[in-house]
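S.K.: My questions concern the predicted model and sequence given below.
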Amino acid sequence: MHTLPKTPLMFLAAGCGLLAALVGAALLPRLTESDQLPPVGAAPLQASMVKPVSIAATAPPPPPGVPERFRGRIFTGAALPDDQKVVALTFDDGPMPGATPQILEILRREQVPATFFCVGAMIAEHPELLRAVAADGHVIANHTWSHSYRRLGPAAAAAEVKRTSDLIYRTTGRRDTLFRPPGGILSNGPARQAARQGYALVLWTVVSGDTFRGVTGPRMVERVVRQVQPGGVVLMHDGGGRHPTVGALNAIIVGLRKRGYRFVTVPELLALEEERLPAAQVGTATRNLVAAALSESAGRRSQPALPDVRGRLKDAGR
């Protein structure tokens, strides 16, 4: 076998190749043992062999604080002492063009926080309005997707809650933790599913009457200002039709302030109730829904496990 003579050009080429290999190795990311790919023919990667990917940068912000004891329970206001004059204003059925922006403007001008129980179908039509609610720092809560009063099966009821929740997150980056059943109906499916998912179920202590037929702004103002008690939750609407809410809201705020009230969100009200109650007590303002959820899963439909509050609150409207 003949050996080719080693010329200076060959040495130069070999040196360049070695230099390129060294530079390339330095530029490539260094692999650890856990990063090494298995050899050809080896068993497939198992879940335990795959390095977890950090999602901290994309994780949602923490939801509004809801004490653990209120998750899966009904909340109808805080039983606070007479000298603790706080009240939560809530708005249902939006967001809706016209009413929602005007309500936001009043709340912004008066520096009043509020809680908005939003319908998923309305969010889908007007996502920019939900973003405006979030931008002003108000609490966004779940009011089902379609605002149906019909009895729904477990899967359909769960979808009413989850579909709305997912859209709230996709639109605002927030996770919702509060749920209000349409009409305050607790026995048609969605309330049970929301309870099983750990939501706090929020009703109200004062019906503003803004959905009453023939109601006027002054009548609505008189009703709310007269009926509010410390720890109360006021039911109003920014959607679901034409209501006198926009025209009455400023006077309601002024009237309640004259009575010495300040305004809080529902999560803030829950926190105040949490401070008031002993550790082992839930209080008369809440009702455990776990038995109701189990009753539904067992298929017992002859006797509703949850009270239907339409009789007690038949004038609540939507």
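M.R.: Perfect, thanks for sending it. Residues are numbered from 1 along each chain as shown.
S.K.: Can you list the neighbours in contact with stretch 120-136?
M.R.: With C-beta atoms under 8 Å, 6 or more residues apart in numbering as the contact definition, stretch 120-136 has outside contacts at 93-97, 100-101, 104, 107-108, 116, 118, 140, 144-147, 160, 163-164, 167-168, 171-174, 239. Every C-beta, even on glycine, is put in place using the N, C-alpha and C of the backbone.
S.K.: Show me how to select, in ChimeraX, the buried members of those.
M.R.: Per 16 or more other C-beta atoms under 10 Å, the buried members of the contacts of stretch 120-136 correspond to this ChimeraX selection:
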select :93,94,95,96,100,101,104,107,116,118,140,144,145,146,147,160,163,164,167,168,171,172,174,239
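S.K.: Restricted to strands, list the contacts of stretch 120-136.
M.R.: Phe116, Cys118, Ile140 (DSSP state E).
S.K.: Let's have those in a markdown table, adding distance to Thr205.
M.R.: Converted to a markdown table, the ones in strands among the contacts of stretch 120-136 look like this (distance: C-beta to C-beta, whole Å):
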| residue | distance to Thr205 |
| --- | --- |
| Phe116 | 18 |
| Cys118 | 21 |
| Ile140 | 21 |
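S.K.: Relative to Val86, which of the residues you listed is nearest.
M.R.: Lowest distance from Val86 to these (C-beta to C-beta) belongs to Phe116, with 18.3 Å.
S.K.: Could you check how far the closest one is from Phe179?
M.R.: Note on Phe116: its distance to Phe179, by C-beta to C-beta, to the nearest Å, is 13 Å.
S.K.: Sketch out the low-pLDDT regions of this structure for me.
M.R.: Within the chain, the ranges that satisfy pLDDT under 70 run 1-65, 279-318.
S.K.: just so I have it, where are all the strands in the stretch 1-150 of the chain?
M.R.: Using DSSP state E, counting those that start in this stretch, the strands of the stretch 1-150 of the chain run over 74-75, 86-92, 115-118, 139-142.
S.K.: Could you point out which of these sits nearest Glu274?
M.R.: Among the strands of the stretch 1-150 of the chain, the nearest to Glu274 by C-beta to C-beta is strand 74-75 (10.8 Å).
S.K.: Neighbouring strands - and their directions - for the closest one?
M.R.: Here strand 74-75 has these sheet partners by DSSP bridges: strand 200-202 (parallel).
S.K.: which other helices and strands contact whichever helix or strand comes after the partner strand?
M.R.: Once the chain leaves strand 200-202, the next helix or strand it forms, by DSSP states H and E, is strand 206-207. Packed against strand 206-207, as judged by 3 or more C-beta pairs under 8 Å, 6 or more residues apart in numbering; DSSP states H and E, are the following elements: helix 217-227, strand 232-237.
S.K.: Fine, thanks again, bye for now.
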